[in-house]
Every structure is written in C-alpha cells, then in structure tokens.
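Enquirer: have a look at this prediction, sequence included:
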Amino acid sequence: MQLLAVGVAGLAAVGLMVMVVNWLIAHWWVLVVAVLVLLLGGLGGLGWWRHRTQRVQWQQVQARALCYGLAQLDALTHRQFEHAIRNLMHRDGRMAAVQVGGRGDLGADVKTTDPYGRRWVSQCKHRRNGDRGAAVGTPDLQVLNLGLSRASLSGT
C-alpha cells in the first residue's frame with residue numbers, strides 16, 4: 001500500500017514537472033524576465049555592499065586623520081571643545097563616546113566606554129585665552145569628584 005502511494009506521488013511530481021516545462025516552453029519570456037531580475041538584483045546587492053564597505057573605510061580614514069592643533073583648540077568655545085574631545089575619543093576606539101555636558105551634568109562632559117567595556121567620564125576644562133588663561137583650580141576638580149560620587153550613588 002505504501003509503495004503504491006509513493007508511486008502515485010512520484011507520477012504526480014513528474015506530471016507536474018512536465019506541465020511546468022511545457023508552460024515555460026510556451027511562455028519562454030517569463031524565464032528570461034526571471035533570470036534578468038535575479039541578475040539585476042544580484043548586481044544591485046553587490047553594488048550596495050561595495051558602496052557600504054567603501055563608506056565604512058572612508059569613515060575610518062577620516063577618523064584616523066582627525067587631529068587638532070593647539071591654536072584650533074584654543075579658538076573653540078567650551079561646547080565645541082567638548083565635541084572635539086568626544087570626536088577624538090571616538091577616533092581612538094571609543095565608539096560609544098557621547099557629549100553630555102550642560103546644565104546639571106554633575107561634571108560629566110563626555111561619557112564613553114572603552115574597548116574593554118570600562119565606562120569613562122570626562123570633564124572638559126577649556127581656557128578662554130589659551131595658555132595665558134586662568135588655570136583649572138582645585139574647586140573645579142572637587143565639583144567633578146562630588147558629581148561622580150552622587151552619580152555612582154544614584155546608579156547613573
């Protein structure tokens with residue numbers, strides 16, 4: 001009985017294949033269109049992959065080339081300076097570098113995670129007049145330590 005069922009299923013499969021082949025012979029253009037669609041889709045996917053790879057390589061080249069001269073850093077506003085520090089950290093392998101400085105930042109201007117998973121908090125101090133400006137004093141650093149202590153107590 002099982003052998004008969006397998007034989008009937010085999011005949012049905014062969015019959016279906018013969019019908020499909022006869023239909024494709026009568027409608028050959030469908031096969032041509034399907035092959036063209038597959039070729040164009042494959043070429044489009046290959047082009048997309050190549051473009052994506054080149055874009056990532058270009059971003060890596062740009063990041064490696066990122067550098068600032070002392071005069072450039074001196075000319076930045078405090079907010080621009082924080083962004084520059086974030087960009088430099090990103091360039092040096094800290095992909096999750098985020099500028100967070102602002103009112104109520106508890107001394108955290110840039111937060112990042114290094115390749116080993118360690119979290120870093122940076123407070124950026126920028127002198128208005130470059131090396132002629134006032135030095136960063138101990139009270140500023142105490143504010144950073146106090147802010148970090150509060151942040152660690154609150155779990156942020």
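Expert: Now that the structure is in, tell me what you want to look at.
Enquirer: can you name the next helix or strand after the longest helix along the chain?
Expert: Longest helix in the chain, counting residues (DSSP state H): helix 28-65. With elements assigned by DSSP states H and E, the helix or strand that comes after helix 28-65 is helix 70-74.
Enquirer: pLDDT of that next one, averaged?
Expert: On average, the pLDDT along helix 70-74 is 82.
Enquirer: what's downstream of it, the next helix or strand?
Expert: Downstream of helix 70-74 (by DSSP H and E), the next one is helix 78-91.
Enquirer: and that following helix, what does it pack onto?
Expert: helix 28-65, strand 98-99, strand 110-113, strand 119-122 (3 or more CB pairs under 8 Å, 6 or more residues apart in numbering; DSSP states H and E). To be clear about C-beta, it is placed using only N, CA and C from the backbone, and glycine gets the same treatment.
Enquirer: winner for burial among these?
Expert: For these, the largest average neighbour count (mean count of other CB atoms under 10 Å) is found in strand 110-113, namely a mean of 20.
Enquirer: chain center to that strand: distance?
Expert: 16 Å (CA atoms, centre = their mean, to the nearest Å).
Enquirer: and the helices and strands packed on helix 78-91 as TSV, adding mean pLDDT and distance to Asn87?
Expert: As requested, the helices and strands packed on helix 78-91 are exported to TSV (pLDDT from 0 to 100; distance: least, CB to CB, whole Å):
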stretch	mean pLDDT	distance to Asn87
helix 28-65	87	8
strand 98-99	84	9
strand 110-113	86	10
strand 119-122	84	13
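Enquirer: report the angle between the longest helix of the chain and helix 78-91.
Expert: Here helix 28-65 points in a direction 120 degrees away from that of helix 78-91 (axes from the mean of the first three to the mean of the last three CA atoms, to 10 degrees).
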